[in-house]
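Undergrad: Quick one, what's the 3D model for this:
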Amino acid sequence: MIFGAIETAGSALRVYRTWMDAVGDNIANLNTVKPMTEDAFQARYVVAEAADYSSGRNGIGTGSRVSGVLFGDKEGRVMYQPDHPLADENGMVRYPDMDLSDQMTQLLISQRGYQANLAVVDRVKDAYMQALQLGK
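TA: From the prediction side, this is the model:
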C-alpha cells in the first residue's frame, strides 16, 4: 500500500510538471508577434486523466497521466500596429489569444498540486522509514 501511494503521487507529479511546463511556455510566448500570413502562437493546455484502475493493486488506482495536449486558437488576437515591422499593408499583426492573469492562475494551481503530491511522497517516505525502525 505504501508503494501504491508513492506511485499514485509520482504520477500526479509528472502530470503537474507537464502542466507547469506548458504554462511556462505559454507565458514565455505571451507577447510573440506574428505577421498576418502566419498562425499566432497557440497556447498549450494539458489534458490529464485517471490511469487505468483495473491494473492497480488490490483495487488501488494507479494515479493519473497526461492524455494529450490541446492547442489554443491559431487565429489569435489581431491588433492594429502599423509601426510594427511584421505588420501587413493594413497595419495588422497577430498576438496569441492568451491572458497573463489566466496563465498565472494556471501556474499557481499546478504549483500547489505539485507541492501537495510532493508532500504525500515525503509523508509516505517518513512512514516507511518509521516502519523499518519498528523491525529493529
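Undergrad: Please report how far the spatially most central residue of the chain lies from residue 27.
TA: For the chain, residue 19 is the residue whose C-alpha lies nearest the centre (Cα atoms, centre = their mean; 0.8 Å). Residue 19 sits 13 Å away from residue 27, going by Cβ to Cβ, to the nearest Å. For the C-beta atoms, the positions are set from N, CA and C on the backbone; glycine is no exception.
Undergrad: Also residue 129?
TA: Taken as Cβ to Cβ, the span from residue 129 to residue 27 is 38 Å.
Undergrad: what's the answer for residue 79, then?
TA: Distance, residue 79 to residue 27, by Cβ to Cβ: 19 Å.
Undergrad: In terms of neighbours, single out the busier of those two.
TA: Counted by other Cβ atoms under 10 Å, residue 79 and residue 27 do not tie: residue 27 has more neighbours, with 16 against 13.
Undergrad: Could you count how many residues lie near residue 74?
TA: For residue 74, the count of nearby residues is 14 (other Cβ under 10 Å).
Undergrad: show me the contacts for it.
TA: 39-40, 42 (Cβ atoms under 8 Å, 6 or more residues apart in numbering).
Undergrad: So it: helix, strand or coil?
TA: Secondary structure assignment for residue 74 (DSSP: H, G, I helix; E, B strand; the rest coil): coil.
Undergrad: can you pull out the helices in the chain?
TA: 2-28, 100-134 (DSSP state H).
Undergrad: average pLDDT for the longest one?
TA: In other words, helix 100-134. For helix 100-134, mean pLDDT is 91.
Undergrad: Stretch 17-35 too?
TA: Mean predicted lDDT for stretch 17-35 stands at 97.
Undergrad: Nearest spatial neighbour of residue 121, chain-adjacent residues omitted?
TA: residue 9 (4.9 Å; Cβ to Cβ, 6 or more residues apart in numbering).
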